[in-house]
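Novice: build me a model:
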Amino acid sequence: MKNIALLVIIFIGMFSSIITSAQDCGEIWTQVALPDPPEVAFYAVIWAEGQYVAVGHACLNAVSTDGLNWTWGDRDDGDLMLSLAYGEGLYVAGGTNCVYVSKNGLDWTKYRLDTGAFYLGVAHGNGKFIAVGGSQCIARSKDGRTWNKQQLNPKKWFSGIAFGNGRFVAVGGDSIFTSKDGITWKKRKTGVDWEIELVSIAYGHAGFVALGYGAVLGSSDGKKWSQIAYLQLPEGPTVEYLTYANGMYVGVGGGIIITSPDGVEWTIRETPNAHSMYGIAGSGSNLVAVGDDIFFSDCSNN
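Specialist: Below you'll find the model as predicted:
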């Protein structure tokens, strides 16, 4: 069992905001009020092509080149944008029974998939996008506009997907599936002898890291998995989303941020007065986490 150090607790005002800091990357998060803050949450953020793109509830979307100053895009109040990927010169957001596509992060076109699924994860690799979601629905596209769909198991679901080492790896519940082409999928053993609930996955320099409630699984190639860490979190918060940014694995959830250089040793960064956080990304010089607010940590001294 790995000891997790509680390094910092920062009390954050209960108003819509961006968090900013000049401390170590991911260690300290401070808060700056947003102009004209939205009344709904962001669900995902990505850094690509020199800018952050954040999306969320009721098609909330915004872009920023520095994580501090944001430009709002037009909104469609009737739908959700839940996940993000970038490739082929396009931002692709997973939605409810649909995907959204944009060239600039502000102007979005909606494409219906007619599967009834919430697309909680989307990734790009091998020249194609793969979106995954409820009922283990999988949608694939080369251009973000024309999508082919399949379903693996209507009683299961996918909550996250990552691309690395030449393959896609999708996780959800007690399931791990891999594919090189997005068409043929193979179920992998989790490497644990209990029914783990996996919620997210990321690929970085230490390989694939999959996050479950209380446990962390690791794999160098996406095929063979084992438990590499046990997360002993404070009572209450859960970590729901994991990514790889700025040379480390970073997870966010209900008022909590965790970081790890290798997926094995984890440090808790707790923000008890912050609202829930659903996504995080990094530019190299900073980190941005999104949720009911937008949060910022300076990495320029690292």
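
Novice: going by C-alpha atoms from here, please, whenever you check contacts or count neighbours.
Specialist: Noted.

Novice: name the residues of stretch 149-168 that come out as buried.
Specialist: 149, 151, 156-164, 167-168 (16 or more other CA atoms under 10 Å).

Novice: can you check stretch 239-258 too?
Specialist: 239-246, 248-258.

Novice: circling back to that earlier point, secondary structure and distance to residue 180 added to the buried residues of stretch 149-168, as JSON lines?
Specialist: Listed next are these as JSON lines, based on DSSP: H, G, I helix; E, B strand; the rest coil; distance: CA to CA, whole Å:
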{"residue": "149", "secondary structure": "strand", "distance to residue 180": "16"}
{"residue": "151", "secondary structure": "strand", "distance to residue 180": "17"}
{"residue": "156", "secondary structure": "coil", "distance to residue 180": "21"}
{"residue": "157", "secondary structure": "strand", "distance to residue 180": "20"}
{"residue": "158", "secondary structure": "coil", "distance to residue 180": "17"}
{"residue": "159", "secondary structure": "coil", "distance to residue 180": "19"}
{"residue": "160", "secondary structure": "strand", "distance to residue 180": "16"}
{"residue": "161", "secondary structure": "strand", "distance to residue 180": "13"}
{"residue": "162", "secondary structure": "strand", "distance to residue 180": "12"}
{"residue": "163", "secondary structure": "strand", "distance to residue 180": "9"}
{"residue": "164", "secondary structure": "strand", "distance to residue 180": "10"}
{"residue": "167", "secondary structure": "strand", "distance to residue 180": "4"}
{"residue": "168", "secondary structure": "strand", "distance to residue 180": "6"}
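
Novice: dump these into TSV; add pLDDT and distance to residue 279 as well.
Specialist: Shown next, in TSV, are the buried residues of stretch 149-168 (pLDDT from 0 to 100; distance: CA to CA, whole Å):
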residue	pLDDT	distance to residue 279
149	95	25
151	93	26
156	91	23
157	94	19
158	97	17
159	97	13
160	98	12
161	98	14
162	98	14
163	98	17
164	98	19
167	98	23
168	98	20
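
Novice: how about the contacts made by the closest residue to residue 223 other than its chain neighbours?
Specialist: Distances taken as CA to CA, 6 or more residues apart in numbering place residue 188 nearest to residue 223, at 6.2 Å, with adjacent residues excluded. Residue 188 sits next to 175, 176, 177, 178, 223, 224, 225 when contact means CA atoms under 8 Å, 6 or more residues apart in numbering.

Novice: can you do 7 Å?
Specialist: Each residue near residue 188 by CA atoms under 7 Å, 6 or more residues apart in numbering is listed here: 176, 177, 223.

Novice: so what does the host helix or strand of the first one touch, helix or strand wise?
Specialist: Under the criterion of DSSP states H and E, residue 176 resides in strand 175-179. Using 3 or more CA pairs under 7 Å, 6 or more residues apart in numbering; DSSP states H and E as the contact test, the elements touching strand 175-179 are strand 167-172, strand 186-188.

Novice: and those strands: which comes nearest residue 287?
Specialist: strand 167-172 (24.4 Å; CA to CA).

Novice: name the residues that touch that closest one?
Specialist: By CA under 7 Å, 6+ apart, strand 167-172 touches 157-163, 176-180, 197-201, 222.

Novice: and that strand, which strands flank it?
Specialist: With DSSP bridges as the test, strand 167-172 is paired with strand 160-164 (antiparallel), strand 175-179 (antiparallel).

Novice: now do the first one: everything it contacts.
Specialist: Counting by CA under 7 Å, 6+ apart, strand 160-164 makes contact with 120-125, 168-172, 199-203, all of which sit outside it.

Novice: residue 132 contacts residue 120, doesn't it?
Specialist: Yes: here residue 132 reaches residue 120: they are 6.3 Å apart, a contact under CA atoms under 7 Å.

Novice: show me the shaky parts of the stretch 151-300 of the chain.
Specialist: Counting by pLDDT under 70, the stretch 151-300 of the chain shows low-confidence ranges at 270-274.

Novice: re the thing from before, want to try CSV for the strands paired with strand 167-172, with distance to residue 76 as columns?
Specialist: Formatted as CSV, the strands paired with strand 167-172 follow (distance: least, CA to CA, whole Å):
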stretch, distance to residue 76
strand 160-164, 25
strand 175-179, 33
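
Novice: and residue 282, which of these is closest to it?
Specialist: Among these, strand 160-164 comes nearest to residue 282, with 16.1 Å by CA to CA.

Novice: hmm, back to that, which residues does the residue nearest to residue 223 bridge with?
Specialist: For residue 188, the beta-bridge partners are residue 176 (DSSP bridges).
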